[in-house]
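K.L.:
A predicted structure for the sequence below; I have some questions about it.
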Protein chains: 2
Amino acid sequence: MGKRVTILDVAAAAGVSRQTVTRAINDMGDISEPTKRKVLAAAERLGYRPSRFARSLVTRQKTHAVGLVVASLRNPYFTDIAADMLSEAAARKWQLMIAASERDSPELLQLLSTQVDVIVGHFGLPDAEIRDAAQGLPIVLLEGRSDLPGVHSVEVDIESGIGDAVSALRARGARRFGMVDSAYSERIRGAYEPTPKRQWFEAAVGDGLAGVVVGEESISGGGRAFAELMRLHPDIDAVLMFNDLMALGAVQSAHAIGIAVPGDVRIIGVDGLALGDAVDPPLTTISLDQQSLASNTLDIVEIIAKADFARIAPIHRTVRSKVLWRESA
Amino acid sequence: MGKRVTILDVAAAAGVSRQTVTRAINDMGDISEPTKRKVLAAAERLGYRPSRFARSLVTRQKTHAVGLVVASLRNPYFTDIAADMLSEAAARKWQLMIAASERDSPELLQLLSTQVDVIVGHFGLPDAEIRDAAQGLPIVLLEGRSDLPGVHSVEVDIESGIGDAVSALRARGARRFGMVDSAYSERIRGAYEPTPKRQWFEAAVGDGLAGVVVGEESISGGGRAFAELMRLHPDIDAVLMFNDLMALGAVQSAHAIGIAVPGDVRIIGVDGLALGDAVDPPLTTISLDQQSLASNTLDIVEIIAKADFARIAPIHRTVRSKVLWRESA
DNA sequence: AACCGATCCGTGAACCTTCACGGGAATGCC
DNA sequence: GGCATTCCCGTGAAGGTTCACGGATCGGTT
């Protein structure tokens, strides 16, 4: 099993005191060259490694860590966000710890909460559960909103983006609207429930709604769901895909089935992935400024930290979305 | 400024002892319901949050953390790896801390090294520098190899994949080979130096080599470099792109220039991204088993941990690569 | 009245490092 | 020889939590 080798073991082995070992390890001066070498050799021999916990405890931890929880690392949308968060965090001298909530959210949160100072992210849980699992840690909800104390948020105004997209699609002649929603809630909560995007979309299209199908959040899942939607409602001429990843699958699927895009059906995604520009036809999408999402989030995090993580009034921000017209719609 | 509120503050405020506060916070029994409520109320009021360092120090931290350093979070290849690492780590009850080495590698490593038990990843630094920055932490090199003590590795046998690809391309009639290499080293070390992939490729094609161009590691960078390569050497009939991301750009660029793929030029990437299947034509690629890369890595990490992080003989593993024939070559 | 078990709560120690300070030896100078 | 200086090194304390143990209180039993 082997106990941990501490600074005292090294000190004993080298025949010096703790402090001298510290001086050698962190090369601090006030130590002669021979002694330093002797200590370093002993440390090397014993495989000594300072406990990062003891060290942080006494140095009062100047650099903080923020834990980012994303739904999946397989979706470029989330990894782009992670990348932006990483830059923003680095610029502020914060460390970023990433976890994916694909499963076991509560356990994962509890584990994470022992390692970081703030938790930010997308969660597949009810707000109250999140708060409990976080054990009192401040939380920043991404693309969500809660009125619990200690739960901050950065919302994304997808709603207006959807509204804009629908009116523009109407202006371009679209009449029969369809949507592929995410089956996300099915996996998390056991039963499907309409996402906010679907609700906003339904409100926007009114009786122009022809049908909705749910699918898995992946390229292939989007492709399958799109094909199913078109099979059920062949007269649809405009489709909103839950996200760009699924929209990519839809474009591909349309190509395979022989549906012209945007000739027969206009396809529009959500997220604004750069990737959407690399396919044919380039994907029209409701894009949000991820950079701004990230910087707003870290702003909040920094405010919380400045307040020494004491309980402060929840902060809520909103970033706008806009339709990025490329060629698929 | 505000000093940190400790367990003693809460104890004083609630009129009980430290231990009772602990019992209330971690609800442990041996405490009456009214007292518990009283303590919890005091904690809430003061905004008390246990120090994760002090706590970890005494509980001897059962869950460890591994730090993953990737070159970029904008390349699906790396995020896929991160995703696999995350699953593997989670299955083993490890936490994963991700950092991107896009810049400041040494500082970043030092910061990271105070937070984790092992460091794994792709680094843009000489091995020795890595070792120094890691401050004695065990290191697992991804897709690399070093003979320094304490530096383990998981290599990827791209070389044989490139060999296989070249002979198959020859069998399909390719004669004039070109390559787009990564300009990576330029950014990191100031001057371009051929990557191993280029060296293996040149060895494989022999005097069939028509030309090499370097480009930035992105879709658009790949597209530009490919266009440049074809402008300089119009007779090329097969191109190896440094990675799939750049290959995606090449396919797109070929389409724009009016070069037929694979009719005029066969294009082949490296990485095996699932994304390559979503473009037209689907991308042929030298794929490696990322899952196995991740599991091998975490295997090593676990072995190191089992040895209580004592110095053990470096472990080296290799995962194979194989050509995934789709339609672009 | 003495005893007993159950229930609740508090005290000393441990975890491992760094910080602040103080002390000894060697050297140089008057 | 006495004294200050410099250079190395060691000791006590602190940092905030949890663990192991011991003590107090209380209702009930003999």
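P.N.:
Done, it's in.
K.L.:
SS state for residue A:252?
P.N.:
Here residue A:252 is recorded as helix under DSSP: H, G, I helix; E, B strand; the rest coil.
K.L.:
confidence score at it?
P.N.:
You'll see residue A:252 listed with a pLDDT of 90.
K.L.:
number of residues surrounding it?
P.N.:
Residue A:252 is flanked by 23 other residues according to other CB atoms under 10 Å in any protein chain shown. C-beta: built from backbone N, CA, C; applies to glycine.
K.L.:
repeat that for residue A:175.
P.N.:
Number of residues near residue A:175 (other CB under 10 Å) recorded here: 13.
K.L.:
OK, contacts around it?
P.N.:
Counting by CB atoms under 8 Å, 6 or more residues apart in numbering or on different chains, residue A:175 makes contact with A:208, A:237.
K.L.:
per-residue confidence for it?
P.N.:
pLDDT for residue A:175: 96.
K.L.:
before we move on, what about residue A:75?
P.N.:
With respect to pLDDT, residue A:75 scores 87.
K.L.:
I figured it hits residue A:217, correct?
P.N.:
Yes. Judged on CB atoms under 8 Å, residue A:75 makes contact with residue A:217 at a distance of 6.6 Å.
K.L.:
ok, and the closest non-adjacent residue to whichever residue of the stretch 151-300 of chain A sits closest to DNA strand D?
P.N.:
Of all residues in the stretch 151-300 of chain A, the one sitting closest to DNA strand D is residue A:151 (21.6 Å; CB to the nearest atom of the strand). Using CB to CB, 6 or more residues apart in numbering or on different chains and skipping residues adjacent in sequence, the residue nearest residue A:151 is residue A:139, 4.9 Å away.
K.L.:
just give me how far the lowest-mean-pLDDT helix or strand in chain A sits from the chain centre.
P.N.:
None of the helices or strands of chain A scores lower by mean pLDDT, DSSP states H and E than helix A:105-113, at a mean of 72. Relative to the chain's own centre, helix A:105-113 is displaced by 15 Å; criterion: CA atoms, centre = their mean, to the nearest Å.
K.L.:
near DNA strand D at all, it?
P.N.:
No. Interface with DNA strand D: helix A:105-113 contributes nothing (CB under 7 Å from any atom of the strand), its closest point being 12.3 Å away.
K.L.:
buried sites along that helix?
P.N.:
Using 16 or more other CB atoms under 10 Å in any protein chain shown as the burial criterion, the residues of helix A:105-113 that qualify are A:105, A:108-109, A:111-113.
K.L.:
would you mind listing what in the stretch 1-150 of chain A touches DNA strand C?
P.N.:
A:3-4, A:6-8, A:18-19, A:22, A:25-26, A:48-51, A:54-55, A:57-59.
K.L.:
so what's the residue nearest the centre of chain A up against?
P.N.:
With distances taken as CA atoms, centre = their mean, residue A:70 lies nearest the centre of chain A, 3.4 Å away. Residue A:70 makes contact with A:78-79, A:81-82, A:98-101, A:121-122 under the criterion CB under 8 Å, 6+ apart.
K.L.:
now it: closest residue in space that isn't a chain neighbour?
P.N.:
Of all residues not flanking residue A:70 in the chain, residue A:78 sits nearest, at 4.1 Å (CB to CB, 6+ apart).
K.L.:
quick check, that neighbour in a strand?
P.N.:
No. Under three-state DSSP, residue A:78 falls outside any strand and is assigned helix.
K.L.:
from DNA strand C, how far off is it?
P.N.:
From residue A:78 over to DNA strand C the distance is 36 Å, taken as CB to the nearest atom of the strand, to the nearest Å.
K.L.:
count of residues packed around the residue nearest to residue A:270 when sequence neighbours are not counted?
P.N.:
The shortest distance from residue A:270 to any non-neighbouring residue, by CB to CB, 6+ apart, is to residue A:286 (4.6 Å). Applying other CB under 10 Å, we find 24 residues neighbouring residue A:286.
K.L.:
contacts only, for residue A:286.
P.N.:
So, once contact is read as CB under 8 Å, 6+ apart, residue A:286 ends up touching A:158, A:161-162, A:165, A:268-272, A:321-324.
K.L.:
list the buried residues of the longest strand along chain A.
P.N.:
The longest strand of chain A (DSSP state E) is strand A:316-324. Buried positions in strand A:316-324, judged by neighbour count with 16+ other CB under 10 Å: A:316-317, A:319, A:321-324.
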